[in-house]
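what shape does this take:
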Amino acid sequence: MSKDKDAAKVAEVAAEQVGFGIDIGGSGIKGAPVHLRTGELLTKKFRLPTPAESSPDAVGAVLADVVAHFELPSIAHIGVTFPGIIKNGVSHSAANVDKRWIDTDVAAVTRRWTGHTAYVANDADAAGYAEVAYGAAKGKKGTVLVITLGTGIGSAMIHDGHLIPNFELGHLEIDGYDAETRAASSVKEEEGLSYEQWAVRLQRYFSHVEFLFSPDLFVVGGGVSKDHEKFLPLLDLKTPIVPAKLRNKAGIVGAAALAAENA
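The predicted structure follows:
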């Protein structure tokens, strides 16, 4: 879709109902305007590769290109996901990106390169929040744990609609192992495990998390969630467990929603 058509599509929605999210990943940086009432993307995502040297300035230049593609109003607030621990817009870790991001103000980098005020959230937190606001856990009261199974294990806790940030459950030590080194979907592929074999490891992981936090709902995301019928029914838990709905757009949607909420 051309920039003019993107702008026309966004213009059809009341300005106060339009948010904008950018999802920074180790391989790609993608963004899109979001309908804040429905959680739908208003246009196709615009994606550019993450620079091989993913320093703050190199990534900042890509953020500028992503924002420029959509010609946002100068007053627009944007939400940004980042693969690290985020406190007050500052990254305290960096997964799959340059270590120079550690102790860097991601919000300030975004503002400097794009000219827009930004709200920054951990990538798993943003995706989890999106599932509660618009997806598989919409309207669910109590404690929701969103667990993403991918290269590692990401997690987010939302209680009565409020995000508890940086709730890291992928690195729990279980049976002497870092949990994600046993139960991430990447490990399933690397070790050639069947779904039945992998489900044994997932059972151990989810049972442990269930005992520790007594959630009211588990939501399972990550690319493997599209095959949820092959492994979720094999798990025996007291807590309901369902697949995520928003999948690879969850980060963008959650970032936009959190930015609007914190504007």
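
now for the protein: which helix has the highest residue count?
Longest helix of the chain, by residue count under DSSP state H: helix 195-213.

starting at the chain centroid, how far to that helix?
On the basis of Cα atoms, centre = their mean, to the nearest Å, helix 195-213 sits 22 Å off its chain's mean C-alpha point.

now stretch 110-123
15 Å.

distance between the ends of it?
16 Å (Cα to Cα, to the nearest Å).

for stretch 242-252, same thing?
End residues of stretch 242-252 are separated by 21 Å (Cα to Cα).

in it, what's buried?
Val242, Pro243, Ala244, Lys245, Leu246, Arg247, Lys249, Ala250, Gly251, Ile252 (16 or more other Cβ atoms under 10 Å). For glycine as for every other residue, the C-beta is placed from the backbone atoms N, C-alpha and C.

so is the first one in a helix, a strand, or just coil?
When classified by DSSP: H, G, I helix; E, B strand; the rest coil, Val242 comes out as strand.

quick one: pLDDT of it?
Val242 is assigned 98 on the pLDDT scale.

let's test this: mean pLDDT of the next helix or strand along the chain from the longest helix of the chain, rounded?
Per DSSP states H and E, the first helix or strand lying C-terminal to helix 195-213 is strand 217-221. For strand 217-221, the mean per-residue pLDDT is 97.

list the helices and strands strand 217-221 packs on?
helix 123-133, strand 143-149, strand 241-243 (3 or more Cβ pairs under 8 Å, 6 or more residues apart in numbering; DSSP states H and E).

output the contacting helices and strands for the last one.
Right, the one you point to is strand 241-243. strand 217-221.

from the rest of the structure, what touches the strand it packs on?
Contact partners of strand 217-221, identified using Cβ atoms under 8 Å, 6 or more residues apart in numbering, comprise 127-128, 131, 135-137, 140, 142-149, 154, 206, 210, 228, 232, 237, 239-244, 246-247, 250.

can you tell me the strand partners of it and which way each runs?
Its sheet considered, strand 217-221 pairs with strand 143-149 (parallel), strand 241-243 (parallel) by DSSP bridges.

of the ones you listed, which is nearest Gly223?
strand 143-149 (8.4 Å; Cβ to Cβ).

how far off helix 123-133 does the closest one point, in degrees?
Strand 143-149 runs at 130 degrees relative to helix 123-133, counting by axes from the mean of the first three to the mean of the last three Cα atoms, to 10 degrees.

could you give the angle of strand 143-149 to helix 195-213?
Going by the same axes, to 10 degrees, strand 143-149 makes 150 degrees with helix 195-213.

now stretch 154-166: buried residues?
So, applying 16+ other Cβ under 10 Å, buried residues of stretch 154-166: Gly154, Ser155, Ala156, Met157, Ile158, Leu163, Asn166.

next: stretch 117-133.
118-133.

cool, stretch 93-108 as well?
Ser93, Ala94, Ala95, Val97, Asp98, Arg100, Trp101, Thr104, Asp105, Val106, Ala107.

how many residues are close by Asp216?
Burial of Asp216 is recorded as 15 neighbouring residues (other Cβ atoms under 10 Å).

contacting residues around the nearest residue to Leu232 once chain neighbours are set aside?
Distance criterion Cβ to Cβ, 6 or more residues apart in numbering; nearest residue to Leu232, sequence neighbours excluded, is Ile241 at 5.8 Å. Applying Cβ under 8 Å, 6+ apart to Ile241 gives the contacts Phe206, Leu217, Phe218, Val219, Val220, Leu232, Leu235.

what's the pLDDT at Asn96?
Value for Asn96, per-residue pLDDT: 82.

how close does it sit to Pro73?
32 Å (Cβ to Cβ, to the nearest Å).

repeat that for Leu172.
Taking Cβ to Cβ, one finds Leu172 at 43 Å from Pro73.

more neighbours: those two, which one.
Shown here are Leu172 and Pro73; by other Cβ under 10 Å, Leu172 has more neighbours (17 against 10).

picking that back up, can I get the contacts of Ile241 in a markdown table including neighbour count and distance to Arg111?
Putting those into a markdown table (neighbours: other Cβ atoms under 10 Å; distance: Cβ to Cβ, whole Å) gives the following:
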| residue | neighbour count | distance to Arg111 |
| --- | --- | --- |
| Phe206 | 23 | 39 |
| Leu217 | 20 | 36 |
| Phe218 | 21 | 36 |
| Val219 | 29 | 32 |
| Val220 | 23 | 35 |
| Leu232 | 19 | 41 |
| Leu235 | 17 | 43 |
